[in-house]
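**Q** following is a predicted model, sequence given first.
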Amino acid sequence: METINYQNFRVEAENICVDYNGKVALYDANLRLQPGQICGLVGMNGAGKTTFFNALTGFVNISKGKIRINGESVRSAQKDQTIAYVPQNEGIDSQFPISVWDVVMMGRYGSMNIFRCPRESDVQAVKDAIDRVDLTDHLSTPIGNLSGGQRKRTFLARAIAQRASILLLDEPFSGVDIRTEKLISQLFIQFKNEGKTILLSTHDMIHVREFCDLVLLINKTVVAYGETSEVFTPENITTTFGGISPDFLFGPES
Amino acid sequence: MELCSFLTLDSFITDPLTHGFMRKALLMSSLVAAVCGFLSSYLTLKGWALMGDAVSHSVMPGVVVAYALGLPFSLGAFIFGVGSVALIGFIKQKSRVKEDTVIGLVFTGFFALGIVLVSKIKSNIDLHSILFGSPLGISLSDVKQTIFISLLVVILLSIFRKDLMLYCFDPRHAKTVGINVFFLHYLLLTCLSLAAVVGLQSVGIILVVAMLITPGATAYLLTDKFDNMTVISVLSAIISSLIGIYVSFWFDLETGGSIVLAQTFIFLFAFLFAPRYGIFKLKKLFAGYK
């Protein structure tokens, strides 16, 4: 906290590298995010988006570089419940015998005692979170019986219940219905006003333009990073996607 | 066989209870079944069936060496069980061979070592009882060991019940909120080795993996709640043990095989008639008659 350099940044990644048994997944990547910023993470499949998330949550170790969360280590960010990760729908076992309530309660585990007995405050936090994503009618529904959008909202509620100040979302808009898409967009605006920092990966260019302040284009390393209006250009997008033009990828711009 | 008393259900159940060895076998096998059934829900959800198979076969040389040295056989089994998993992890990381291949070659290697050791050491090791279990001939020191290990596993699983569920469901989230995933991984492995050790007394090394996966798989077909799954898994494991032992007593069958076969039949029943996930969906059938 004393280190003045880092104090302004909620997330700071400096020249980070990640390799899996010698295979480089990400190298020399930099990122700086402040409270209230929404940043889009854009890249091809296998460009290192999920690896970037994994490095920030501490799920994989970085082989080089430095990550500071609120000026402190990833380890202490984990202990403080600072970061929440919202997985892709494909990244979870939807047949797991668990209800919406139980999943959202998992957001509270980090701040409970060793037996994970919910206190009154935990129950309240879970209720509020489920209410915010509009799933109050599905408290005890097994996640296997939910639609893709409802399942996405369940995991978003888990992040809300965790009261994290940094949200990492892996493809929050893929495979969801219109209603969920609208609800998530509204929540993002609310989160921004609450001063939360959001990093989301997406394939949808319209979403990036709609509410990302910043954009990070990656292809194993950072291709371009900065204000969306300046960085999110057809040239940069083409470079990020290995020479394929954005028109081909996303249709002609209007 | 006392065929005349076979006629009533009452004596079918009570007659075996007049034998001390049968009472002991029923009690110990129920305890072992409960432990394996408890663990089973985690293993099936985590997708560790093959790992269970590997660990349970790999304990073989440990059991033989411990017997030869006069040590508690659970100690030897535990060392080799955890050792096999460590070796699988090491070979997987250092070579390009795929994981299932590595698991297969490591556990068969350990198992073969065990069989070779038995033929060399001979002494008073009964290969048959290690391979196929001998719940009817369990010794007093084995009883004490089994009770101790079973209680240990049940206590560990109970304390870390929710963390292990989270670990099986979403390890990434567990890590993100500061839960020690490394510890949970090895906790589950330790419990697996210990359960394999107690399980092999009931049904033997070859079939112990059934005790570790079938009850969980059965329960998975019957419920959408994790807590219920654990309860159903434990109950189906205990019931199978009781059925297996009774049937083996009256019809003079191999006990371990009978227990596992009972589990398999219960699974098949769930597979066919489970209310929501069974092939014939019992609920719908009944609804049709209303």
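**A** Done, it's in. In this text, all values refer to a predicted model and were calculated from it rather than measured experimentally. Numbers count the residues shown, from 1 in each chain, chains lettered A, B, ... in the order given.
**Q** quick one: buried residues of stretch A:125-136?
**A** A:125, A:126, A:127, A:129, A:130, A:132, A:133, A:135 (16 or more other C-beta atoms under 10 Å in any protein chain shown). From N, CA and C alone the C-beta is placed, and that goes for glycine too.
**Q** near chain A, which residues of chain B?
**A** Residues of chain B lying close to chain A (C-beta under 8 Å from any C-beta of the partner chain) are B:45, B:93, B:159, B:162-163, B:165-166, B:168-179, B:220, B:223-226, B:228-229.
**Q** spatially nearest residue to whatever residue of the stretch 1-150 of chain A ends up closest to chain B (excluding sequence neighbours)?
**A** The minimum distance from the stretch 1-150 of chain A to chain B, using C-beta to the nearest C-beta, falls at residue A:110 (3.1 Å). In space, and not counting its chain neighbours, residue A:110 is closest to residue B:177: 3.1 Å by C-beta to C-beta, 6 or more residues apart in numbering or on different chains.
**Q** other SSEs contacting the strand or helix carrying residue B:235?
**A** Following DSSP states H and E, one finds residue B:235 within helix B:226-251. The contact analysis (3 or more C-beta pairs under 8 Å, 6 or more residues apart in numbering or on different chains; DSSP states H and E) places helix B:226-251 against helix B:9-17, helix B:20-46, helix B:208-222, helix B:255-273.
**Q** re earlier: surely the residue nearest to residue A:110 touches residue A:161?
**A** No: the criterion here is C-beta atoms under 8 Å, and residue B:177 misses it with residue A:161 at 10.8 Å.
**Q** list the contacts for residue B:237?
**A** Each residue near residue B:237 by C-beta atoms under 8 Å, 6 or more residues apart in numbering or on different chains is listed here: B:33, B:34, B:36, B:37, B:40, B:211, B:215, B:263.
**Q** nearest to residue A:177 among these?
**A** residue B:40 (36.8 Å; C-beta to C-beta).
**Q** from residue B:270, how far out is that closest one?
**A** 14 Å (C-beta to C-beta, to the nearest Å).
**Q** for residue A:240, same thing?
**A** 50 Å.
**Q** quick one: residues contacting the residue nearest in space to the middle of chain A.
**A** Closest residue to the average C-alpha location of chain A: residue A:168 at 1.6 Å, with C-alpha atoms, centre = their mean. Going by C-beta under 8 Å, 6+ apart, residue A:168 touches A:53, A:56, A:57, A:83, A:84, A:85, A:86, A:199, A:200.
**Q** and for residue B:177 and residue A:161, which residues touch both?
**A** residue A:107.
**Q** low-confidence ranges, the stretch 151-254 of chain A, go.
**A** A:245-254 (pLDDT under 70).
**Q** to what extent is the residue of it found nearest chain B buried, counted in neighbours?
**A** Nearest residue of the stretch 151-254 of chain A to chain B: residue A:162, at 6.7 Å (C-beta to the nearest C-beta). By the criterion of other C-beta atoms under 10 Å in any protein chain shown, residue A:162 has 26 neighbours.
**Q** thought it was touching residue A:105?
**A** No: assessed by C-beta under 8 Å, residue A:162 is found out of contact with residue A:105, at 10.4 Å.
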